[in-house]
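Colleague: Need coordinates for the following:
(3 chains)
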Amino acid sequence: MTDQAVAGETGTGREVGRSRLRKEDARLITGQTTWTDNIQVAGMLHLAVLRSPMAHARITRVDVAPALERPGVLAAFSGADLAEGLGSLPCAWPVTEDIVLPDHPPIAVEEVRYAGDPVAVVVARDRYAAADALEAIEVDYDPLPPVLDLEDALAEGAPLVHSDKGTNRCYTWPLATGESFAAVRERAEVTIKRRYHQQRLIPSAMEPRAVVVTPLAASGEYTMYSATQIPHILRIMLATVTGIPEHKLRVIAPDVGGGFGSKLQVYGEEVLALAVARRLGRPVKWTESRSEGHLATHHGRGMIQDIEVAATREGRLLGLKVDLLADMGAYLMLVTPGIPILGAFMYPAIYKMDSYEFTCTGVFTTRTPTDAYRGAGRPEATFAIERIMDELAAELGLDPVELRRRNWIRHEEFPYTTIAGLTYDSGDYEAATAKALALFGYDGLRAEQRERAERGDPVRLGIGVSTFTEMCGLAPSRVLRDLRYGAGGWEAASIRMLPTGKVEVVTGTSPHGQGHETCWSQIAADVLGVPFEDVEVLHGDTRSSPQGMDTYGSRSLAVGGEAVHRAATTVVDKARKVAAHLLEASEQDLEFREGVFSVKGSPEARRSIQEIAFEAFTNHDLPDGVEPSINAEHVVDPENFSFPHGTHLCAVEVDTETGRTWIRSYVCVDDVGHVVNPMIVEGQVHGGLAQGIAQALYEEAVYDDEGNLVSGSMADYLVPSAADLPEFVTDRTETPASSNALGVKGVGEAGTIASTPAVVNAVVDALRPLGVTDVRMPCTPERVWRAVREATA
Amino acid sequence: MTHIKVNVDGTIYEDDVEPRLLLVHYLRDRLGLTGTPIGCDTSNCGACTVDLDGATAKSCSVLAVQADGCAVTTVQGLAKDGEWTPLQRAFHEQHGLQCGYCTPGMIMAARDLLRENPHPTAEEVRGALEGNLCRCTGYQNIVRAVLAAAGQQDGSGTQAQAPSGQQVTEEATA
Amino acid sequence: MIPPAFEYARPESVEEAVRLLGEAGDEAKVLAGGQSLLALLRLRLAFPELVVDVGRIPGLRGVREEGGTLVIGALTTHHEVIHDPLVRRHAGLLAQATATVADPAVRHRGTLGGSLAHADPAGDLPAIVLALDGELVAVGPGGRRTVPAREFFVGYLQSALAPEELLVEVRLPKADGWGFHYEKFHRVAQSWAIVGVAALVRRENGHIAEARVGLTNMGATPLRAAAAEAALAGADGPQAVARAARSAAEGAQPGRDASASPDYRAHLAEVLTERAVLTAAGMG
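Modeller: Numbers count the residues shown, from 1 in each chain, chains lettered A, B, ... in the order given. The predicted structure is shown next:
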């Protein structure tokens, strides 16, 4: 880790760029954290949810009465009992005008559409009594055919997930830019077409979801604690679904144990807890078990990708055509339809070409709904293009790095508007790739690979390359409007200068592991010139932080951090007026350095910004017409996305006799622009790599032919442990973003995006001499073994 | 109901409990010791790992009645008089946590390892943590933290201090 | 996550445990370390009326020698087995395989007897005890009886123990002079074996005089690869071992699950048998 300060525009440079240890840690390593499930309130009741054991069925009877006989049970409700007064769960991203938007009741009333769909709830004195009472509820189902295969679902006469809609097609979203693909295919010397499968993934944040609602019946006010990434959005949506006025709702995200997109959601259980608390006038808690979460917390990925490239013999890309089928699952949740659309702009990746055609068709199935999972559309896009680039390299007999070099945007070409219409502001793919190749020892590994293949070693060496870029810093609101997204992409921050000189930074971002308390403190401390320790960051409570768009999509630093920076800058500007008055100098004659205003040429005349905060508090001697406050707030709407990029290299060893694959070395060089805290950036990359590698090798939500989730617990869904992952070599290059003053790009998703194709490319590279051209993810030992067997048969 | 007497983090508790009550629910719901979280229902994640009579146990996989007469140490009982243990310190200094949900279990599992093997290799650390899942860190800094704490145990590193008063100079070392 | 309600008893002697089990009939479950039973209870896959906690019965924990036999108390934990000097000296295969069971915390609580009585064919230890030609000693109302491992595992999660019987010890003939190796093939560190192969090899004059091969997760019960064992006798080098290993899955009926299909399991059994035997024989 380096300890280089970023001076200049970002303030004094004492803080930004330093690997500050985290403020968050003290409570986390001593067990003093407030997870939602830790919250106990006097009179609190426990909610438990009975879920459909079938993928698709008509509910013919629900009898909750026997549950009421059980000890400790206060209430039990069927879907019909709760339907009145509850609207449909929201979908905020209807991507096309003619999108099919099915009704999505928080609890099923007439029909269940995935295994895990809620059908009844009980409320009891403790969680044990609630769990027992669930078993007493009687439900009769009339089975309906499951809808599982994406292509079959679109066929004429297929059984329907939503029979009232007449189709399983949710939407078709097209994009075509540049020349027609048919035209470039005509003049291309090489075309390659492949089908790739993005398996469904279960996000598996370590903290299961939980919600606590405390009602204040007398005034009709409700406070919800939820393990959510989006307290602000949740509050708005809960108001619309339940009819409780927004100003009577307070939503708090206490410490949240990871999200990765899975807590970027408005969940039925949140609505149900609120509805039950309202009905009973009692505090209510619901906490999911892990196995329940596998059914009820949204899944990620789930796509079939048909991708075709057209190129010249020399390896110049001419065009790209992508047709996606995206598994929506049974219902559209908050941003379900938009996830593949976030990927639509990323298929051309870092490459120049003349033609790009894309369509995505969203398909309903009788499975758990899909929605955002780390990277959200962008990892899928990067996977498909980076996989097919390797296939093209093989076809042309080119080194995969060389093929990429022939097509990527050169550093002197920035800003560059891509075929997909995005303007990449900065980047240096050459520099990142050169650094990665050197760290990796690329040539040596290639030599060893050849040697082992020649020797006929049953354990083959494979080398995988993946470059990537992504669109982060979500997002310019006008772009979101054009994409039919239901909200803006701004972020808010305010700075409260307390009378004693301490500082409260109020942010609209809602961290759940990212370290915003530390990084926002660094940013504010630098601009204000106050000690890092004097800054406190407040977040995740709609009462203390009333305005925010929350945390997802690697947006927090580029948008929310920028808002902190600007608010702090305004504080300094306001303080300068006061200082000028107190020091009897003109503002132009003042210097501001390390938190102190002084008069140029007479350094003894000084006032610190912390002293000025006290002057503003007393208001005894402020200039006329100046309000007694140097506090400031700022709402930032980004002018452009930010575009982190990087080059990842992976070496795997593949035992061709058993199919077992293990990672021998992994090197990545990421460019996330300027860095506020190198230690935290490195940690984000590590975690992203683990999740991306897990998609490549381990994880899959498997369903059986009836639509039951086979990987229904952590025993069956293989989240890798420390023993299953390698040591990573990470490094950075730094080309600053131009779209924000900090020059930052975002890092939360980077590792996830490039690692999956790097690993799979390495597996295929190991086996290519045997005739293998693809292995479906996850590359399980059996799949690898079968691929080898089929290729060598 | 069964009567139990358990020493948790140095305090003796006596309670009548249902035999089916899991130790982790006893700690969290009855004693209010919520420092030990629950991450799964299949013994896979290890978030709920505690020390039970000198060896780690997943407290979701132990009945409270089985802990009768035993001594339980949770993450909340590690620091003495506000002074963090070398492991707690190392997790902080090596950025061995992000969301922190797995951290109590990781620290308890690592503590168990270092008791048996004070100088583990990185590979031994990874093996010893096979029953503890983390979704944030990719484990790299957790392994670093355990190795760093191992270095501190025999006096080759500085003794951990209480967090207060230390943060002025807190910074990760390269 | 929440077990169903049950009555609880903590007997202080084997006799009392057996009496309690006898009174409850089929409705009782024995709790030792709890690392298998609690998992079933938490997911509500078992609904016992009575849980008999035998964990504190004295005399059921520890390892001793009786002539050529190693006697391991049923309550001996995995952790104790792994580190026990007698086990390491006379039944190294058991120590090696036990170190691959689950994770350290589970190994602190889980017991050898519990793992065997649970009779999970995907568990590592049943095939080990089978390969070691072990015997299991149960106490019931009628007294003690000894069941050879070959007769103990009768079906999926089904042992030869009667409901009122308690497994008290495991007897293993000392495998002094035998080479051994356990090849566990699993997808992540803490997942069950897709297939595991336990090999014990006795060599004479440079060739394999006798081999025993136990198979994990190759059917409803742990198995001995009888055909491979026969074919291995006399094998004088890697090629002969490879040939013999091709019959490792003969007669096995491995199942299908999310991790593997039957023909892949059969293939793995062959490859892993070859590797395990070569390592055990020092030919690898």
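Colleague: residues making contact with the helix or strand of chain A at the bottom of the mean pLDDT ranking?
Modeller: Every helix and strand of chain A was ranked by mean pLDDT, DSSP states H and E. The lowest is strand A:602-608, at a mean of 92. By Cβ atoms under 8 Å, 6 or more residues apart in numbering or on different chains, the residues outside strand A:602-608 that reach it are A:501, A:529, A:579, A:582-583, A:585, A:595-599, A:615. All C-beta atoms are positioned from the backbone trio N, CA, C, and that covers glycine.
Colleague: and the very next helix or strand once past it, what does it pack onto?
Modeller: Counting by DSSP states H and E, the next helix or strand C-terminal to strand A:602-608 is helix A:609-618. In terms of contacts (3 or more Cβ pairs under 8 Å, 6 or more residues apart in numbering or on different chains; DSSP states H and E), helix A:609-618 is packed against strand A:491-497, helix A:562-583, strand A:596-599.
Colleague: got the contact list for helix A:609-618?
Modeller: Under the criterion Cβ under 8 Å, 6+ apart, residues A:497-502, A:528-530, A:534, A:571-572, A:575, A:578-579, A:582, A:592, A:595-597, A:607, A:621-622, A:628-630 lie in contact with helix A:609-618.
Colleague: Whichever of the residues you listed end up buried, select them in ChimeraX.
Modeller: The ChimeraX selection below is limited to those of these classed as buried (16 or more other Cβ atoms under 10 Å in any protein chain shown):
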select /A:497,501,502,528,529,530,534,571,572,575,578,579,582,592,595,596,597,607,622,630
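Colleague: just the helices and strands packed on helix A:609-618: most buried one?
Modeller: Mean neighbour counts were taken over the helices and strands packed on helix A:609-618 using mean count of other Cβ atoms under 10 Å in any protein chain shown, and the top value, a mean of 26, falls to strand A:491-497.
Colleague: what about the residue lying closest to C:G284 once chain neighbours are set aside, helix or strand, and which?
Modeller: Excluding the flanking residues, the one nearest C:G284 by Cβ to Cβ, 6 or more residues apart in numbering or on different chains is C:L278, at 3.9 Å. Under the criterion of DSSP H and E, C:L278 resides in helix C:262-280.
Colleague: so what does that helix touch, helix or strand wise?
Modeller: For helix C:262-280, the packing partners by 3+ Cβ pairs under 8 Å, 6+ apart come out as helix A:781-792, strand C:179-185, strand C:195-204, strand C:207-216, helix C:238-245.
Colleague: how much does the second one deviate in direction from strand C:207-216?
Modeller: This means strand C:179-185. Interaxial angle, strand C:179-185 versus strand C:207-216 (axes from the mean of the first three to the mean of the last three Cα atoms, to 10 degrees): 30 degrees.
Colleague: And chain B, is strand C:179-185 touching that?
Modeller: No: Strand C:179-185 lies out of reach of chain B by Cβ under 8 Å from any Cβ of the partner chain, never closer than 12.6 Å.
Colleague: sorry, back to before: tell me which of the helices and strands packed on helix A:609-618 lies nearest to chain B.
Modeller: strand A:596-599 (18.5 Å; Cβ to the nearest Cβ).
Colleague: how close does the residue of chain B found nearest chain A sit to A:N38?
Modeller: Closest to chain A within chain B is B:G35: 2.0 Å, counting by Cβ to the nearest Cβ. Distance check for B:G35 against A:N38: by Cβ to Cβ, to the nearest Å, it reads 9 Å.
Colleague: between these two, who's got more neighbours?
Modeller: B:G35 (25 against 20; other Cβ atoms under 10 Å in any protein chain shown).
Colleague: What pLDDT is listed against the more buried one?
Modeller: On the pLDDT scale, B:G35 is placed at 98.
Colleague: Next, the contact list for it, please.
Modeller: A:30-33, B:74-76, B:104.
Colleague: Max pairwise distance over those: which two?
Modeller: A:T33 and B:T74 (12.9 Å; Cβ to Cβ).
Colleague: would you list every one of the helices in chain C?
Modeller: Under the criterion DSSP state H, chain C carries helices at the ranges C:14-24, C:37-42, C:78-83, C:85-90, C:92-98, C:104-109, C:112-118, C:124-131, C:149-152, C:226-232, C:238-245, C:262-280.
Colleague: re the thing from before, can I get the helix holding C:L278 in CSV? Just the C-alpha atoms.
Modeller: Below are the C-alpha coordinates for helix C:262-280, written out as CSV (Å, rounded to 0.1, in the frame of the first residue of the first chain):
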residue,chain,number,x,y,z
PRO,C,262,-23.5,-41.0,-10.9
ASP,C,263,-21.1,-41.6,-13.8
TYR,C,264,-18.8,-38.8,-12.7
ARG,C,265,-18.8,-40.2,-9.2
ALA,C,266,-17.8,-43.6,-10.6
HIS,C,267,-15.1,-42.1,-12.6
LEU,C,268,-13.8,-40.2,-9.6
ALA,C,269,-13.8,-43.3,-7.5
GLU,C,270,-11.4,-44.9,-10.0
VAL,C,271,-9.1,-41.9,-10.2
LEU,C,272,-9.1,-41.3,-6.5
THR,C,273,-8.5,-45.0,-5.7
GLU,C,274,-5.5,-45.0,-8.0
ARG,C,275,-4.1,-41.9,-6.2
ALA,C,276,-5.0,-43.0,-2.7
VAL,C,277,-3.5,-46.5,-3.2
LEU,C,278,-0.3,-45.1,-4.8
THR,C,279,0.2,-42.7,-2.0
ALA,C,280,-0.6,-45.3,0.6
